[in-house]
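Peer 1: Model the structure of this input:
(chains A and B)
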Number of protein chains: 2
Amino acid sequence: MIGGVLQGHVFIATSLDGFIARDDGSIDWLNAANAAGEDHGYGDFIAGMDAILMGRETFRTVAGFEPWPFQLPVLVLSRTQDSALLPAWLAERVAIVRSLPEATALAAARGWRNLYIDGGETIRSALAAGLVRSLVISRLPVLLGQGRPLFGPQVTDVEVRHVCTRSFPSGLVQSRYEWP
Amino acid sequence: MIGGVLQGHVFIATSLDGFIARDDGSIDWLNAANAAGEDHGYGDFIAGMDAILMGRETFRTVAGFEPWPFQLPVLVLSRTQDSALLPAWLAERVAIVRSLPEATALAAARGWRNLYIDGGETIRSALAAGLVRSLVISRLPVLLGQGRPLFGPQVTDVEVRHVCTRSFPSGLVQSRYEWP
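Peer 2: Predicted structure coming up:
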């Protein structure tokens, strides 16, 4: 485990067959649930976070959003790129880190305790490093057949604790798991 | 769609990351939930079925069970083998079919309406053929990291209808989906 008191938290939607995006990154299949006007708890979740850690791919997607959708500081995990990829107007809100240990060191230095981990590759790295302490997974009632998976290979079984599950009229089923 | 009034039904357990067995076929990770003494509804489910369709691999596993665990007729889907693989004492309870259409033709000839579809490859074939009308999926709170997946590639999105979800003290979360 890395991070000491630092805890990683995942809040993510997948298809019934475990994909978080299509092969081209698109998440159009999430629209039905998003359009249903249901509160899936993202606001409550984000209110408990101190910062967001995401990968370069996820950052590229959200960097195109206007207005900038995050109130929280954002760390972007990018092995190959430095802060030069940052538009000037984001430099105060976003920091580039080259590794997960660098991210957790920076988080610890700033006194952050709860990190929202986003993006498939970043989530898998954080899972492998033992940083993830909770996972809220929302499954949509659609089979995509192919795409970008949430989970990946790992060395050993990881047993988690099921905390609660709720479902919504849109067909979204949301379960919360915590690491023992 | 094939089968007309014939409907396929899936009742299966997966890991949180979507595997139905380890790479070697073992399902030891199901023991915790099985040992919990919970009624996950298999009895009620099977009471509504007329016959079971499974693949050769699944048949090989269950053929080793004593006593023979099924009251219902069993169809074994096997492209490469004929009835010679059947022990004599099973010949009245089990029929070998070479294809899904052969299975559904036989089922129709015998007046069966509800087929329990079991085994990963057989389930994926039945999904692709439009035979599956309901899926009860029970997710266990464990990440295996690798193994035999439930779902596989498919050509188009398949939207299903979420009917209900319930969870159990063991951490098993069971959702029922139906095809529109």
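Peer 1: for chain A, which spans come out with low pLDDT?
Peer 2: Residue ranges of chain A with pLDDT under 70: A:1-4, A:81-85.
Peer 1: and it, which residues reach chain B?
Peer 2: By Cβ under 8 Å from any Cβ of the partner chain, the residues of chain A that approach chain B are A:16-18, A:29, A:127, A:137, A:139, A:141-146, A:150-162, A:164-165, A:167, A:171-173, A:175, A:177. (C-beta placed from N, C-alpha, C; glycine too.)
Peer 1: and these, which of them are in strands?
Peer 2: Judged by DSSP state E, the residues of chain A next to chain B include A:137, A:139, A:142-143, A:158-159, A:161-162, A:164-165, A:167, A:173, A:175, A:177 as members of strands.
Peer 1: of the residues of chain A next to chain B, buried ones?
Peer 2: A:16-18, A:29, A:127, A:137, A:139, A:141-145, A:150-152, A:158-160, A:162, A:165, A:167, A:171-173, A:175, A:177 (16 or more other Cβ atoms under 10 Å in any protein chain shown).
Peer 1: Touching, residue A:129 and residue A:103? I think so.
Peer 2: No. Residue A:129 is not in contact with residue A:103 according to Cβ atoms under 8 Å; the separation is 10.0 Å.
Peer 1: Quick check on the two: which one has the bigger neighbour count.
Peer 2: Shown here are residue A:129 and residue A:103; by other Cβ atoms under 10 Å in any protein chain shown, residue A:103 has more neighbours (29 against 17).
Peer 1: wait, is that one part of a helix?
Peer 2: Yes. Under DSSP: H, G, I helix; E, B strand; the rest coil, residue A:103 sits within a helix.
Peer 1: residues touching the closest residue to residue A:156 other than its chain neighbours, list them.
Peer 2: Take residue A:156 and drop its neighbours on the chain: the residue closest to it by Cβ to Cβ, 6 or more residues apart in numbering or on different chains is residue B:145, 7.3 Å away. Going by Cβ atoms under 8 Å, 6 or more residues apart in numbering or on different chains, residue B:145 touches A:151, A:152, A:153, A:154, A:155, A:156, A:157, A:158, B:17.
Peer 1: And stretch A:93-101, how far out from the chain middle?
Peer 2: Relative to its parent chain, stretch A:93-101 has a centroid offset of 15 Å by Cα atoms, centre = their mean, to the nearest Å.
Peer 1: That stretch: end-to-end distance?
Peer 2: Stretch A:93-101 has an end-to-end distance of 20 Å (criterion: Cα to Cα, to the nearest Å).
Peer 1: Buried residues, that stretch. List them.
Peer 2: Of the residues in stretch A:93-101, A:94, A:95, A:96, A:97, A:100 count as buried by neighbour count, 16+ other Cβ under 10 Å.
Peer 1: The most centrally placed residue in chain A pairs with what?
Peer 2: Chain A has residue A:118 as the residue nearest its centroid, 1.8 Å off, counting by Cα atoms, centre = their mean. Here residue A:118 sits in beta bridges with residue A:54, going by DSSP bridges.
Peer 1: related to what we said a few turns ago, now the ones in strands among the residues of chain A next to chain B in JSON lines, with distance to residue B:107?
Peer 2: Output for these, formatted as JSON lines (distance: Cβ to Cβ, whole Å):
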{"residue": "A:137", "distance to residue B:107": "36"}
{"residue": "A:139", "distance to residue B:107": "31"}
{"residue": "A:142", "distance to residue B:107": "28"}
{"residue": "A:143", "distance to residue B:107": "24"}
{"residue": "A:158", "distance to residue B:107": "40"}
{"residue": "A:159", "distance to residue B:107": "40"}
{"residue": "A:161", "distance to residue B:107": "42"}
{"residue": "A:162", "distance to residue B:107": "37"}
{"residue": "A:164", "distance to residue B:107": "40"}
{"residue": "A:165", "distance to residue B:107": "35"}
{"residue": "A:167", "distance to residue B:107": "33"}
{"residue": "A:173", "distance to residue B:107": "31"}
{"residue": "A:175", "distance to residue B:107": "35"}
{"residue": "A:177", "distance to residue B:107": "39"}
